[in-house]
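J.: just the structure for this:
(chains A and B)
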Amino acid sequence: MSRMTESVRKVLSTMKFDISSPEETAALGQVFGAASVPGTCLVLCGDLGAGKTNFAKGVAAGLGVTEAVVSPTFNIVQEYRSGRLPFYHFDLYRLNFEDELEQIDYYAIIEDEGVSLIEWGDKFPALLPVDYLLVTIIITGSAARTFEIEAHGERSLHLLMECAAALGGQSSGVDA
Amino acid sequence: MIILALDTSTEQLALALARVHDDGGYELLATHDEPAPRRANTQLVPNIDTLMASCGLTASALDRVACGRGPGSFTGVRIGIATAKGIATGLHVPLHGISTLDAIAWRVHASGYRGDFGVVDDAMRGEVYPVRYSSAEKGPVRQTVDSVAKPDVISRMWAEDATGPMLVCGDGLKKYGAVFAAAFEACGKADLLTLAEDDLNHVSGEGLVAAFCDASKKNMLDSGDAGALLPLYTRLSDAEENERKRSASESVPKSGVADERAIGGLILRPLSRRDVPSVAAVERAAFIDGASGDAWSEGMLEDELGREDRIWWVASEGGEIVACCGGWVVDGTVHILDVAVVPERRNEGIAERLVRRVAHDALDLGATRITLEVRVDNKAAQALYSKLGLEEEGIRPHYYPGGIDACIMSGDLPLARSTGARRAGAAGGTRAAVAGMEVRDSVVHVDTSSEVHPLILAIETSCDETAAALIDGAGNLHSDVLASQIDFHARFGGVVPEIASRKHTEAIVGVVEEALLVAGRDLGNPQLDFRDLDAIAVTTRPGLVGALVVGLAFAKGLAWVCDLLLIEVDHLEGHIYASRLITPDIEPPMIALLVSGGHTMLVHAKAWGEYEILGETLDDAVGEAFDKVAKALGLGYPGGPILSKLAKDGNPRAIDFPRAMLHSGDLKFSLSGLKTAVITYIRAEEEAGRALDLRDLAASFQQAVIDVQVAKALTAVKQTGASEFCLGGGVAANPALRDALRLKMEKQGVRVTLPSLSACTDNAGMIAAVGLARYDAGRFSSFDCDALAHGSIDVAY
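T.: You can find the predicted model right below:
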């Protein structure tokens, strides 16, 4: 984070959302998908089975994507064009070398006018764009999850605030 | 002289057509600059075509091509360079590389700015490509060499150095403008800094032309050899960089091939910390005769490791190091520090191979020159360096112990190629000889009448083989040329996509020209030219996208300039058509089992061009499983041939590995569980201190694979009632799989077509066969077609 300027650092903030079922995970994703703007980037981290793909499906639904959302593990990126914005679903789990991303046009895509969702993006912090939402999913019970969502950059902060407002009382607190 | 200038190394598509006068002045005929993020491959050739047409010119009017070589996006710059190579190769005109940053600098100059400025282009991954210039009336003068740097570091350096007004421009400002502003403010020099307005931040067609003319006037253009032009990367591939870091630390063992177990001869690889004692011994042995002062000690060698500007390679055979070579990149020049070969391995060309590797890495790191000192009495070494294109520059008196003088030799990078046959009529320079290139003897004559149109050139770059072939309308294959990159991937235990793309860019011109030359001879027409052809067929799917676009961009450039039709080919359809080159009367319906490092698939060919995928692997491909098991055993790469050789003498029933999905009731495959079972078994045996019987292990693993493949293939044949079966892909070379399939299929009355062993590897002959069929069916593509990572063979294209 050393590259961030003071002004950006000041506005960093985190929100937490407690979830008790997979359906709620998808619903949470849907709120973020509906609020996404061109260039929105969501970085997902969490253990296997935490619900990353489920959240991604929610985001796609919120964008109005009608195609079936499948895990992009073997393709690294899966692209959906049927929503109101292009939706790019990345899974960096099988990535060996960072420059493989260059070959799939990753850098151009995440700066494109679409919405990007990156699973296992935390494995390669240097690859993240300047402005993104870091979504950490913590397993708190068999179906219970805590979503910790941290805004990096002004655009993402704005999006986070908007989603929190849309979710009303569901947020368990803001620690700025 | 009319020149076409193009650049796709950033998100900007920059084009210009200009008339360059003898005095170095130029007149712009037309330019076209537009942002085209992710669209370079689809937009470049259509835009060139429009640009030329707008001036009422055809491609043949071009006298030269100038191409931006970055630094920029690796894939982007390769698309521009490969297209430019296609154009220059087709026209036999020189192709020159221009620094993209210089082109921006000329744009700044043209805007009227005079004084100091810096260009920073976005290098992604939190880095930029910075170059500093000063601008006088005559034009911008470059102050620094190409490099890659962190924005906070470079901005601080520029701020500290600034003594007067400074303009900063480039597309890196979009992300890092604030970083530069903050750095100048921190130095109390905020008033000196100007951040450029948007249009000065991008490369333009006119800037390219101006930079070309400037280099031409100063006699600083490169040789113009289209085969030799390479992108400016400024860094090694990540695989190589990680390897460097690993090699510098003692604790972590290197991955990939263990020298001791590797099958085959001499291995070249970067120096690692564990090698230091043996390399020091090589040094002592190499410099024994009165030159012991030249020998590098252990301490000196250790100090070299992990330094970013040092490049050290060793040659090893049977676990023993026999030679080493080191270089130091300073300000765009690589200084060869040391070349040492043990006395008993001299005159085998080992030194040349090592120097070439060091020079190649240096090129990737941004070096443009090579220099070294050699003892005046060492004539053999001087002869080698002359062959590489180095020239004597002077004498350094009493440089060596004993008062021996040193001869200083220097030259340009890339090094001169090894001598290859010269193709008459091609533009200046020798025809590029390509590492690992072979002209395959798989030339097939099904019809002896000579030269039947259409003549179709096929190009294949979907994975790690650069290949080209030429077929005629009767299906005669007149040439089949292939450059394998296997040497460059082997030590990583698999194909490294970035390395594959780099090697295709290096090899494409040499391979395609060779295919034309060989075909011309075979046709009794040594003057055969690209213009005499009718179409170019090129693999566009599936495969590594970064690799595919190199072949595709080249094919587009060549097809456009020679007015040839363009045909897209699915690589997997190529493997199916390969069967027709073996069994000319083979006819669908047939079942094809496609097994390689990237695919494991049963296809029902209902008719030529009409396919249904019956089942695929859910995870790893068969070849991938072989590679991973071989890698776990430290046996080298590719794993298939090594394991099948071991398996020949092993007991296939020694270890009971799982047959995944054998009874799944469908035609899907899963290899990942088997691979895990084998690796778990290896670990358990090693932990228990038991010696592995590699032959039994290999045989048992191979049998587990084959049982499932054969069973599913049989089911596919029964389900569809097909009477023909063919096998394709790299794993089709596995003798046990071939035998098992032949036995079981023939028992069912099914005719089996197995590719010849040499046709199992990816090749362009099979792409040519599909190309001919698609030509006959009139399936042509326009120049805006794109490469696809995951085409689906069952969808018509």
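J.: hey, let's count contacts and neighbours off CA atoms from now on
T.: Noted.
J.: break chain B into its domains for me.
T.: Per automatic domain parsing, the structural domains of chain B span B:1-231, B:238-365, B:437-565, B:590-760.
J.: and the first one, how far apart are its ends?
T.: For domain B:1-231, the first-to-last residue distance is 25 Å (C-alpha to C-alpha, to the nearest Å).
J.: let's test this: mean pLDDT of it, rounded?
T.: Averaging pLDDT along domain B:1-231 gives 95.
J.: just send the domains of chain B back as a markdown table, with mean neighbour count too.
T.: What follows is those, written out as a markdown table (neighbours: other C-alpha atoms under 10 Å in any protein chain shown):
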| stretch | mean neighbour count |
| --- | --- |
| domain B:1-231 | 21 |
| domain B:238-365 | 19 |
| domain B:437-565 | 24 |
| domain B:590-760 | 20 |
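J.: wait, which of those domains is closest to A:Ala68?
T.: For A:Ala68, the closest of the domains of chain B is domain B:590-760, at 17.8 Å, according to C-alpha to C-alpha.
J.: what about that closest one, distance to the chain center?
T.: Computed by C-alpha atoms, centre = their mean, to the nearest Å, the separation of domain B:590-760 from the middle of its chain amounts to 28 Å.
J.: re the thing from before, got the domains of chain B as CSV, with distance to B:Leu415 columns?
T.: Converted to CSV, the domains of chain B look like this (distance: least, C-alpha to C-alpha, whole Å):
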stretch, distance to B:Leu415
domain B:1-231, 9
domain B:238-365, 7
domain B:437-565, 13
domain B:590-760, 28
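J.: remind me which helix or strand B:Trp106 belongs to.
T.: For B:Trp106, the host element (DSSP states H and E) is helix B:100-110.
J.: how about that helix as PDB, C-alpha atoms only?
T.: Extracted in PDB, the C-alpha atoms of helix B:100-110 (Å, rounded to 0.1, in the frame of the first residue of the first chain):
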ATOM      1  CA  THR B 100       7.800   3.300 -28.800                       C
ATOM      2  CA  LEU B 101       9.000   5.800 -26.200                       C
ATOM      3  CA  ASP B 102      11.200   7.600 -28.800                       C
ATOM      4  CA  ALA B 103       8.100   7.900 -31.000                       C
ATOM      5  CA  ILE B 104       6.300   9.600 -28.100                       C
ATOM      6  CA  ALA B 105       9.300  11.900 -27.500                       C
ATOM      7  CA  TRP B 106       9.100  13.000 -31.200                       C
ATOM      8  CA  ARG B 107       5.500  13.800 -30.700                       C
ATOM      9  CA  VAL B 108       6.400  15.900 -27.700                       C
ATOM     10  CA  HIS B 109       9.000  17.700 -29.800                       C
ATOM     11  CA  ALA B 110       6.600  18.300 -32.600                       C
END
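J.: what pairs with the helix or strand following that helix, parallel or antiparallel?
T.: Past helix B:100-110, further along toward the C-terminus, the next helix or strand under DSSP H and E is strand B:115-124. Paired neighbours of strand B:115-124 in the sheet (DSSP bridges): strand B:127-136 (antiparallel), strand B:166-169 (parallel).
J.: so which of the ones you listed gets nearest B:Val622?
T.: Across the strands paired with strand B:115-124, B:Val622 has its closest neighbour in strand B:127-136 (38.4 Å, C-alpha to C-alpha).
J.: list the contacts of that closest one.
T.: B:71-72, B:101, B:105, B:109, B:113-123, B:140-151, B:154, B:172 (C-alpha atoms under 8 Å, 6 or more residues apart in numbering or on different chains).
J.: same check, this time on stretch B:740-759
T.: Under the contact criterion C-alpha under 8 Å, 6+ apart, stretch B:740-759 has outside partners B:442, B:578-579, B:582-583, B:706, B:710, B:714, B:722-728, B:732-733, B:738.
J.: hmm, try it at 7 Å
T.: With contact meaning C-alpha atoms under 7 Å, 6 or more residues apart in numbering or on different chains, stretch B:740-759 is reached by B:578-579, B:582-583, B:710, B:714, B:723-728, B:733.
J.: ok, these vs chain A, which is closest?
T.: Closest approach to chain A among the contacts of stretch B:740-759 (C-alpha to the nearest C-alpha): B:Gly728, at 22.1 Å.
J.: pretty sure B:Ser567 sits in a helix.
T.: Small correction: residue B:567 is Ile, not Ser. No - secondary structure of B:Ile567 (DSSP: H, G, I helix; E, B strand; the rest coil): strand, not part of a helix.
J.: write out the residues of chain A neighbouring chain B.
T.: Residues of chain A lying near chain B by C-alpha under 7 Å from any C-alpha of the partner chain: A:97-100, A:102-105, A:107-108, A:126-127.
J.: picking up where we left off before, could you export the contacts of stretch B:740-759 to a markdown table, including columns for distance to chain A, secondary structure and pLDDT?
T.: Shown next, in a markdown table, are the contacts of stretch B:740-759 (distance: C-alpha to the nearest C-alpha, whole Å; DSSP: H, G, I helix; E, B strand; the rest coil; pLDDT from 0 to 100):
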| residue | distance to chain A | secondary structure | pLDDT |
| --- | --- | --- | --- |
| B:Ala578 | 27 | helix | 92 |
| B:Ser579 | 29 | helix | 92 |
| B:Ile582 | 33 | helix | 87 |
| B:Thr583 | 35 | coil | 90 |
| B:Val710 | 25 | helix | 97 |
| B:Leu714 | 28 | helix | 96 |
| B:Ser723 | 34 | coil | 94 |
| B:Glu724 | 32 | strand | 96 |
| B:Phe725 | 29 | strand | 97 |
| B:Cys726 | 27 | strand | 96 |
| B:Leu727 | 24 | strand | 97 |
| B:Gly728 | 22 | strand | 95 |
| B:Ala733 | 26 | helix | 95 |
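J.: tell me the contacts of A:Thr146?
T.: A:16-19, A:137-140.
J.: helix or strand: which one has it?
T.: Here A:Thr146 sits within strand A:145-152, counting by DSSP H and E.
J.: alpha carbons of that strand, as CSV, please.
T.: C-alpha atoms of strand A:145-152 as CSV (Å, rounded to 0.1, in the frame of the first residue of the first chain):
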residue,chain,number,x,y,z
ARG,A,145,-20.1,-16.4,6.9
THR,A,146,-18.7,-12.9,7.7
PHE,A,147,-18.0,-10.8,4.7
GLU,A,148,-15.4,-8.1,5.3
ILE,A,149,-15.4,-5.7,2.5
GLU,A,150,-12.7,-3.1,2.3
ALA,A,151,-12.7,-0.2,-0.2
HIS,A,152,-9.4,0.8,-1.9
